[in-house]
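*Asks:* Here is a sequence with its predicted model. Questions after.
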Amino acid sequence: MRMSVIGCGYLGAVHAAAMASIGHEVVGVDVDARKIEALAAGRAPFFEPGLAEILTEGIASGRLSFTTDMSAVKGAKVHFVGVGTPQVKDGYAADLTYVNAAVDGLLPYLAPGDIVAGKSTVPVGTAATLAERVIPTGATLVWNPEFLREGFAVEDTVDPDRLVAGVPAGDEGEQAAAVLREVYHPSVAKGTPFIVTDYATAELVKVSANAFLATKISFINAMAEIAEVTGANVTTLADAIGHDARIGRRFLGAGIGFGGGCLPKDIRAFSARAEELGRGESVAFLREVDEINMRRRERAVQLVIEGLGGSVYEKKVTVLGAAFKPHSDDIRDSPGLDVAVRLHGLGAHVTVTDPEAIENARRVHPQLTYVADRDEALTGADAVIMVTEWDEYRRQLDPEHASTLATGRVVVDGRNGLDPEAWRAAGWTYLGMGRP
Ligand code: UDX
């Protein structure tokens, strides 16, 4: 099927390449000429496992192309909208400028029977408003949220847990859902749940899924706070409650909390939208979720101070990790970088290392020192803090080897991913987050 993807950021670039990889003919459109140039040359503008391969294959097959020219969408049957919805500068709400611009830009090229499929995460009610603009063209708007995780974006797009389509009522909606089934035919044939619903539900599925995940992380971090004053071990606690299938062990990793381009902004935008709807109290707990999350960063800073005997001033602190999570070079709202910046603010000499995210981090926080090589970064450290659980740190860093590099013997485990016994045996003071 011929399709277009408007917006070639994380979501759009992966979506375009993934759709080409399952046999569709796809044109990706973005206003950013540099991004388009890179993608057209088969280069992923960010680190995402598997993306470079499907980009190159797609371009070589002739099924995948990229352009800044919106008129290239003419003739496509489905137009995906995957532009960003960042947090507004002066508040918590989602900024819909790019979504509005993308839909308005599409309007002159739409033909009756076309489908405009919104994928961006938007405040509930947005699709209904956009549909009014699309209806006069004879095209149909559907809302088809995306649940991809960075680091697994290709896999999540090609083989998702579920597909959701918010469609208008009646025959038009049924026909649109049938087209989406065709778009996602390999997943549908495999039996992936395909949920057809109204616009509002589809929009809410996305934000409520992220709100739930954020709440789960903050729940376990709240337990970590209690564990810290009682001597309990939050990791054992998570294992034990996680055995209850109703709870489940995933997303019960206590530590410095969640970050990234989605969870923080999405829960804030959800709170803002609920207030607009006069139902702020329904999701008032999300403010608490956000506050617990932010407190963990400060707790990590306090642990470094404690480990260094009361002050980090003029001490060399090595921060292992910069990306908001492993398998990503994304530093948007990275809790680990926030901790690094706070330590720097307290007068520490902060050296940051990361397998993928250093260049992005340097651009945003040039005041920190960046060293690509892990061992070089560890050399002379008075204290070490792991903030991103890359295998390079969690599995492959032998504490005995670290002892030969660092000057001090203090390690703060911001992700509860290190082996406390092994570090202690090598002579280190190990400080975890909610585990003694
Ligand atoms: C998230 C959702 O998972 C995805 O479905 C949605 O489409 C976009 O937002 P992503 O931002 O890629 O995906 O990252 P995710 O894997 O969810 O991690 C988010 C943050 O939570 C990271 O900072 C991670 O380190 C943190 N986290 C995750 C924890 O602190 N503890 C956990 O147990 C799990």
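*Replies:* Alright, I've got the coordinates.

*Asks:* Scan the chain for its longest helix.
*Replies:* helix 199-230 (DSSP state H).

*Asks:* could you pull out the helices for the stretch 1-150 of the chain?
*Replies:* Secondary structure of the stretch 1-150 of the chain (DSSP state H, counting those that start in this stretch): helices located at 10-21, 33-40, 51-61, 97-106, 126-134.

*Asks:* wait, which of the ones you listed is closest to the ligand?
*Replies:* helix 10-21 (8.5 Å; Cβ to the nearest ligand atom). For glycine as for every other residue, the C-beta is placed from the backbone atoms N, C-alpha and C.

*Asks:* Single out the most deeply packed of the helices of the stretch 1-150 of the chain.
*Replies:* helix 10-21 (a mean of 27; mean count of other Cβ atoms under 10 Å).

*Asks:* That one packs against which elements?
*Replies:* Where contact means 3 or more Cβ pairs under 8 Å, 6 or more residues apart in numbering; DSSP states H and E, helix 10-21 is packed against strand 2-6, strand 25-29, helix 51-61, strand 64-67, strand 78-81, helix 153-158.

*Asks:* quick check, that helix touching the ligand?
*Replies:* No. Helix 10-21 lies out of reach of the ligand by Cβ under 6 Å from any ligand atom, never closer than 8.5 Å.

*Asks:* Reformat the helices and strands packed on helix 10-21 as JSON lines; add distance to the ligand and mean pLDDT.
*Replies:* Shown next, in JSON lines, are the helices and strands packed on helix 10-21 (distance: least, Cβ to the nearest ligand atom, whole Å; pLDDT from 0 to 100):
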{"stretch": "strand 2-6", "distance to the ligand": "16", "mean pLDDT": "98"}
{"stretch": "strand 25-29", "distance to the ligand": "19", "mean pLDDT": "98"}
{"stretch": "helix 51-61", "distance to the ligand": "14", "mean pLDDT": "97"}
{"stretch": "strand 64-67", "distance to the ligand": "23", "mean pLDDT": "98"}
{"stretch": "strand 78-81", "distance to the ligand": "15", "mean pLDDT": "98"}
{"stretch": "helix 153-158", "distance to the ligand": "7", "mean pLDDT": "95"}
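
*Asks:* Please convert those to CSV, extending it with distance to Ile292.
*Replies:* CSV is the format used below for those (distance: least, Cβ to Cβ, whole Å):
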stretch, distance to Ile292
strand 2-6, 36
strand 25-29, 38
helix 51-61, 33
strand 64-67, 41
strand 78-81, 33
helix 153-158, 27
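
*Asks:* Which of these sits closest to Thr429?
*Replies:* Nearest to Thr429, of all the helices and strands packed on helix 10-21, is helix 153-158, at 38.1 Å by Cβ to Cβ.

*Asks:* Counting by contacts, list what the closest one packs against.
*Replies:* By 3+ Cβ pairs under 8 Å, 6+ apart, helix 153-158 packs against helix 10-21, helix 51-61.

*Asks:* switch the cut-off to 10 Å
*Replies:* helix 10-21, helix 51-61, helix 185-189 (3 or more Cβ pairs under 10 Å, 6 or more residues apart in numbering; DSSP states H and E).

*Asks:* could these go into JSON lines alongside distance to Ala383?
*Replies:* Shown next, in JSON lines, are those (distance: least, Cβ to Cβ, whole Å):
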{"stretch": "helix 10-21", "distance to Ala383": "33"}
{"stretch": "helix 51-61", "distance to Ala383": "36"}
{"stretch": "helix 185-189", "distance to Ala383": "47"}
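
*Asks:* so which of those helices comes closest to Leu96?
*Replies:* helix 10-21 (15.4 Å).

*Asks:* and the closest one, average pLDDT?
*Replies:* On average, the pLDDT along helix 10-21 is 97.

*Asks:* now stretch 232-245
*Replies:* For stretch 232-245, the mean pLDDT works out to 98.

*Asks:* Show me how far it is from its chain's centre.
*Replies:* 25 Å (Cα atoms, centre = their mean, to the nearest Å).

*Asks:* Quote the end-to-end distance of stretch 22-32.
*Replies:* Terminal residues of stretch 22-32 lie 26 Å apart, using Cα to Cα, to the nearest Å.

*Asks:* typo on my end, it should be stretch 391-410
*Replies:* Chord length of stretch 391-410, first to last residue, is 20 Å (Cα to Cα).

*Asks:* Give me the buried positions along stretch 166-184.
*Replies:* Gly166, Val167, Pro168, Gly173, Ala176, Ala177, Val179, Leu180, Arg181, Val183, Tyr184 (16 or more other Cβ atoms under 10 Å).

*Asks:* Quick check: the farthest pair among those residues?
*Replies:* Using Cβ to Cβ, these reach their maximum pairwise distance at Pro168 and Tyr184, which is 19.2 Å.

*Asks:* Taking the stretch 1-150 of the chain, what residue is nearest to the ligand?
*Replies:* Taking Cβ to the nearest ligand atom, the stretch 1-150 of the chain has Glu150 as its residue nearest the ligand, at 3.5 Å.

*Asks:* My guess is that residue contacts Gly261. True?
*Replies:* Yes. Counting by Cβ atoms under 10 Å, Glu150 touches Gly261, with 7.8 Å between them.

*Asks:* Overlap of the contact sets of these two?
*Replies:* Tyr10, Phe324, Ser328, Asp330, Arg332 (Cβ atoms under 10 Å, 6 or more residues apart in numbering).

*Asks:* List just the nearest of those to the ligand.
*Replies:* Sorting the shared contacts of Glu150 and Gly261 by how near they are to the ligand, with Cβ to the nearest ligand atom, puts Phe324 at the top with 4.4 Å.

*Asks:* Could you grab the helix/strand/coil label for that closest one?
*Replies:* coil (DSSP: H, G, I helix; E, B strand; the rest coil).

*Asks:* what's the offset of the longest helix of the chain from the middle of its chain?
*Replies:* With Cα atoms, centre = their mean, you get 14 Å for helix 199-230.

*Asks:* I am finished for the moment; much appreciated.
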